[in-house]
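Student: What follows is a predicted protein model with its sequence.
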Amino acid sequence: MQDLSLHILDITENSIVAGACRILIKIREETEGDRLVLEINDDGKGIDQELTEKVTDSFYTTKKDRRFGMGLALLSQAAEESDGYLTITSQKDKGTSILANFRGSHIDMKPLGDIGATIMVLIAGNPEVDFLLEYRKGEHCFKFDTVEVKQTLQEVPINAPHILKALKEDINKGIRLAASEMSIDTAESTT
């Protein structure tokens, strides 16, 4: 996988298959500690402790149509290659939390990628699932919540093509502003 947004897409799709109705995706850039932290939490069916220890093995999968699973193994490898780690916590019937920690300046650190496109794809294929995205850098934070968007849209489907395009653009703009550590109010008043 070329960038972290593709890892986010893969892991989040696993959450959906596990019956999640609400998925929280947190991305935090810690400039002082030179870390990027990616966290994905879901309210799916969870996995038991024995399975938690196996899911980062690329030759293990719970899927019947494949002989191996690569998603968590590849994310774990990407974290380790950039002086980081991956942890998984899960409770049966309560959900799963994946935390990947990376050294931001490491030569093998993958780029973040197009988060807006990732969220757009997730919404397009799963309009019934709620996604909460939180991107934070320093004191600046951008949040996106499909619950709020659906309330605003009322009768308009969240996965309508023109809505998806606008959401993708808004998400990428919000992340760019937070990443530049510019307040959104300041940025909008200067444009």
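Tutor: Right, received. Where do you want to start?
Student: residue boundaries of the strands in the chain?
Tutor: Under the criterion DSSP state E, the chain carries strands at the ranges 22-30, 35-42, 85-91, 95-103, 130-137, 140-145.
Student: Confidence-wise, which of those is weakest overall?
Tutor: Mean pLDDT per stretch puts strand 85-91 lowest among the strands of the chain, at a mean of 93.
Student: who does that one touch, helix- and strand-wise?
Tutor: Packing partners of strand 85-91 (3 or more C-beta pairs under 8 Å, 6 or more residues apart in numbering; DSSP states H and E): helix 49-54, helix 71-81, strand 95-103. (Each C-beta comes from the backbone N, C-alpha and C, glycine too.)
Student: Mind listing the strands it pairs with, and their directions?
Tutor: Partner strands and pairing direction for strand 85-91 (DSSP bridges) are strand 95-103 (antiparallel).
Student: Contacts for the strand it pairs with, please.
Tutor: By C-beta atoms under 8 Å, 6 or more residues apart in numbering, the list of residues contacting strand 95-103 from outside reads 7, 11, 15, 18, 20, 34-44, 46-47, 72, 75-76, 78-79, 82-90, 109-110.
Student: tell me which residues of stretch 121-128 are tucked away?
Tutor: In terms of neighbour count (16 or more other C-beta atoms under 10 Å), stretch 121-128 has its buried residues at 121, 122, 123, 124, 126, 127.
Student: where's that stretch relative to the chain centroid, distance-wise?
Tutor: Chain-centre distance of stretch 121-128: 14 Å, with C-alpha atoms, centre = their mean, to the nearest Å.
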